[in-house]
Structure formats: structure tokens, C-alpha cells
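Colleague: Here is my input; please provide its structure:
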Amino acid sequence: MVLIMCFFLQGHGASTGTTDIEDIITSVGAILRLLDDLDATQGEKQDGNDASYVEYYIKENQGVSLSDGKQHVINMVSEQWKLLNKQCLSPTSIPASFRKACLNITRMVPMMYNYSDTHCLPILQKQIMSMFSTINVDSAQLL
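Modeller: Model (predicted):
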């Protein structure tokens, strides 16, 4: 939803080839979801009501260890990154500003899941803000 809103907030209308953005949004969403599942298996244990691809993969493939399941998810993330890079670097009708936003949002995902008690919020804000070249790092104080 964030990417679709970003697309229209950047001034791209329905005539800009909105059907072409489906693949790029799917790759970004897959990376986000898979890294979330990977993070959930490494630490926070949820109440069992949330679906986890790692747990699903282990159940569907008897004899697969947890580390094998995690490696499978890491490989899937790598494949999605390859697709995303291809979609963003190949000639396409998708506006360059939207492709850049998709890459920047996806780059933030691993950093968000690597956030721990040893990091402090101002440093995290500075890193996030530095990813967006048009936003001044000092504007992080507004958050």
C-alpha cells in the first residue's frame, strides 16, 4: 500500500502505466515479508497465529532443519533482489523516481530488522534520512 501511495503522491497518474508497477511492488513486498519471517524465526516468537514461510517450508519438506529453512528463505530474498534490480535497471515505462523509491524502501528493510538495543534512535534516523537524497538529515528532528 505504501508503494502505491508513493506512486500517486509522486504525481504519476493512472495513464503512466500503472499495470507495469505490479512486478516491482511484488518483489519489494516479497523481500519485506521474507525478511520479516526470517527475523521472527531468529528471535521473537509469536503466538503461533502468524504464518511464517520458514515454518511452512520445514513442515512441507520433512527432514529439513531450521537452518536449512532459513537458508532457503535467504536464497529466495536473493532471487527477489535480482528481480528487483532487473526491474529497476532495465528500460521500462515505470518512472525513474518511483523505481528509486522502491529501491530505497527495500534497502531500509534489512536495516530495520537489524535494529537492536545497541543502536540508538538518532543514529537509525540519520541512516534512514541519508538514504533519501532530497531530504535533509536535519529534518529527522521533525519525526
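
Colleague: where does this protein have low pLDDT?
Modeller: 12-20, 40-51, 113-125, 127, 131-143 (pLDDT under 70).

Colleague: Run through the helices of it in chain order.
Modeller: 2-9, 21-42, 53-60, 66-89, 96-113, 121-130 (DSSP state H).

Colleague: Among these, show me which one is buried the most.
Modeller: Comparing the helices of the chain by mean neighbour count (mean count of other CB atoms under 10 Å), helix 21-42 comes out on top with a mean of 18. Quick note: C-beta positions are derived from backbone N, CA and C, even for glycine.

Colleague: tell me what that one is packed against?
Modeller: Counting contacts by 3 or more CB pairs under 8 Å, 6 or more residues apart in numbering; DSSP states H and E, helix 21-42 is packed against helix 2-9, helix 53-60, helix 66-89, helix 96-113.

Colleague: export these to CSV and tack on distance to Leu32?
Modeller: What follows is the helices and strands packed on helix 21-42, written out as CSV (distance: least, CB to CB, whole Å):
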stretch, distance to Leu32
helix 2-9, 10
helix 53-60, 12
helix 66-89, 10
helix 96-113, 5
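
Colleague: give me every residue that touches the closest residue to Ile31 other than its chain neighbours.
Modeller: The spatially closest residue to Ile31, leaving aside those adjacent along the chain, is Gln80, at 4.9 Å (CB to CB, 6 or more residues apart in numbering). Residues counted as contacts of Gln80 (CB atoms under 8 Å, 6 or more residues apart in numbering) are Ser27, Ala30, Ile31, Leu34.

Colleague: Gly63 versus Gln80, what's the distance?
Modeller: As defined by CB to CB, to the nearest Å, Gln80 lies at a distance of 26 Å from Gly63.

Colleague: Equivalent analysis for Asp36, please.
Modeller: 25 Å.

Colleague: and what of Ile31?
Modeller: According to CB to CB, Ile31 stands 28 Å off from Gly63.

Colleague: Also Gly11?
Modeller: Separation of Gly11 from Gly63 (CB to CB): 52 Å.

Colleague: and the two? which has more neighbours close in?
Modeller: For Gly11 and Gly63, the more surrounded residue by other CB atoms under 10 Å is Gly11, and the numbers stand at 9 against 6.
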